[in-house]
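Visitor: With the sequence up front, the predicted model follows.
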Amino acid sequence: MEAIRTVQVRRVALAREWLAGGALAGVIVLSYALASGMASSATFFVTWSQRPGFGFPSWLAGPLKGTGIQLTIPRFMLITLGLYALYLAVVWLAPSVRLAWAVGAIAILHVVWLLAPPMWLTDVFNYLGYIRLGARHGLNPYAHFLATAPHDAAYRWVTWPRFHSPYGPLFLAGSWPVAWASVPAGLWIFKVTTALASLGCIGLVAKLAQQLRRPVVPAILFVGLNPLWLVYGVGGAHNDMFMLLFVLGGLLLALRGRESLGAGSIVLGAAIKATGGILLPFLFVGAKHRKQVVIGAAAAGAFVVAVVLVFFGDHPFSALLSFASQGDNVSAKSFPGQIGQQLLGMSDANYTLQTAANLLLFVVVAGLLYRAWKRREEWLVCAAWATLAVLLSMLWMMPWYSVWLLPLAAIIDDPRLRIGTLTFGAFVTLMYIP
C-alpha cells in the first residue's frame, strides 16, 4: 500500500509539473502573439503608428514587424484575458515549477517584450522630450513645456506637449546623455535599459525571498510573469523599473542590517519616482537603529538636492516637488473613479471624491504606521499593505503602477496580500481592455 501511495504522489507531482510547464509555455506563446501583433500592423495600441502621413516606421515597430497577425480589439481582449488567466495558473502551480524553467521563461519573455514596440499609454517619448529640452535647449523641464521647443525632433512624438515634467530629478539627470542620441536610438536605449532593470529587480526579488526564507521560484514567477509587469512595465519602457531597482536594493540592504545604506537607496528611488518613498517611514519605525535610517536618508537627500541644483537650479523646488503635478489628474479607470461611476452615479471623478480618497488613505496609512511602531517585526507587511492602499486610492491610475506592489507581495508571507494583489491586477487588466 505504501508503494502504491508513493507512486500516486509522484504521478500527481509530475502532472502538476507538466501543467505548470504548459502554462509557462502558454504565457510565452500569447506574449509573442500580442507583441508581434502590435508590431505587424498600424494599430491604436501603438502610439503614433496610425498617424496620417507618417505610416508605421520600422524603428517604432521593432524587429518583430511582419511576424504576427493583425491585432484587432477582440483579439487583444482574448489574448490579454488569456495571458492573465495563464499567469494565475502559473502562480497556483508555482511550487511545482523547476528553477531552470522559471528562469528560462522569464528571460524569453523579457526578450519578447524588449523587441516589441512600446504599448499605448507609453511615456517614453515624453522622457525623450524632457531630457532633450534640458540638455539640448537649455530649458528647465520643470518650468517649461515641451511645446516651448516645437522644432525639436522628439516633439512630434510626445504626448504631453503642455505639461511640466512630472518625473523625478534623478531620473531626468541620469538620462541626460540619451538626449544626444536620435529619437529612434533613444527609444531603444530606454527599452534595453528598462528590460535590464526589470531583470535586476527580479534578481533582487530572489535575493529578498532567500533573506526572508521564502520560496524563490514562486516569488520570481509572481513578479516576472505578471502581464502588467511585462506588457506595460517592460514593453512600455516605464521608469518605474529604475525606481524599483533602487527601492528593492535598499530593502535588501536594510534587511541585512545595513539600514543606513538601505534608507539612502530608497530615497534615491523616490527621486526617480516619488512612490518609491512609501517604504521609508515604515523602515524608520521598524528599524533596529533608527538613527542610521535618518543619517542614510539625509545623506541621499543631500545628494539629490545637489543634483537638482546642478541640473535644475533655476527652479529647484519645482524639480523636488515634480510629483505633485499629477495629483490633480483623474481617471475613470481608477478604483475611486469606478466607485464614483458605478456606485455613486457620477459622470466623472471629481474633487470631492479625490478628497475623500486622500483622507481615507491618510487614516489607513497612519493606522499601519502605528501597527508597525508597536510591532517592529511587521513593518514590511504594513508597508506592503500601505502600497496597496495607495494604489486603491489613486484617481490617476495607469496599468504599470501595479508593479510597485508585486515584489512586496511576492516576498511576504501573507496570502491575503497576494490575493489582494492578484485581484487588483485583474481589475486593472479589465479596466484597460478597450
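Guide: Now that the structure is in, tell me what you want to look at.
Visitor: can we go C-alpha only for contacts and neighbour counts from here?
Guide: Will do.
Visitor: so which helix or strand takes in Gly337?
Guide: Secondary structure assigned from DSSP states H and E places Gly337 in helix 335-338.
Visitor: Buried residues, whichever helix or strand comes after that helix. List them.
Guide: On the C-terminal side of helix 335-338, the closest following helix or strand by DSSP H and E is helix 351-374. Buried residues in helix 351-374, counted by 16 or more other CA atoms under 10 Å: 353-354, 357-358, 361-362, 364-365, 368-373.
Visitor: go on, stretch 395-404?
Guide: For stretch 395-404, by 16+ other CA under 10 Å, it's Leu395, Trp396, Met397, Met398, Pro399, Trp400, Tyr401, Ser402, Val403, Trp404.
Visitor: What of stretch 250-264?
Guide: 250-255, 258-264.
Visitor: now these in JSON lines, with secondary structure and pLDDT?
Guide: As requested, the buried residues of stretch 250-264 are arranged in JSON lines below (DSSP: H, G, I helix; E, B strand; the rest coil; pLDDT from 0 to 100):
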{"residue": "Gly250", "secondary structure": "helix", "pLDDT": "98"}
{"residue": "Leu251", "secondary structure": "helix", "pLDDT": "98"}
{"residue": "Leu252", "secondary structure": "helix", "pLDDT": "98"}
{"residue": "Leu253", "secondary structure": "helix", "pLDDT": "98"}
{"residue": "Ala254", "secondary structure": "helix", "pLDDT": "97"}
{"residue": "Leu255", "secondary structure": "helix", "pLDDT": "97"}
{"residue": "Arg258", "secondary structure": "coil", "pLDDT": "96"}
{"residue": "Glu259", "secondary structure": "helix", "pLDDT": "97"}
{"residue": "Ser260", "secondary structure": "helix", "pLDDT": "97"}
{"residue": "Leu261", "secondary structure": "helix", "pLDDT": "98"}
{"residue": "Gly262", "secondary structure": "helix", "pLDDT": "98"}
{"residue": "Ala263", "secondary structure": "helix", "pLDDT": "98"}
{"residue": "Gly264", "secondary structure": "helix", "pLDDT": "98"}
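Visitor: So, low pLDDT: which residues of the stretch 201-350 of the chain?
Guide: 325-328, 345, 347-350 (pLDDT under 70).
Visitor: Would you map the strands across it?
Guide: Assigned by DSSP state E, counting those that start in this stretch, the stretch 201-350 of the chain shows no strands.
Visitor: What's the per-residue pLDDT of Arg10 here?
Guide: With respect to pLDDT, Arg10 scores 66.
Visitor: residues near the nearest residue to Ile412 once chain neighbours are set aside, how many?
Guide: Excluding the flanking residues, the one nearest Ile412 by CA to CA, 6 or more residues apart in numbering is Val381, at 6.7 Å. Residues within reach of Val381, counting by other CA atoms under 10 Å, total 20.
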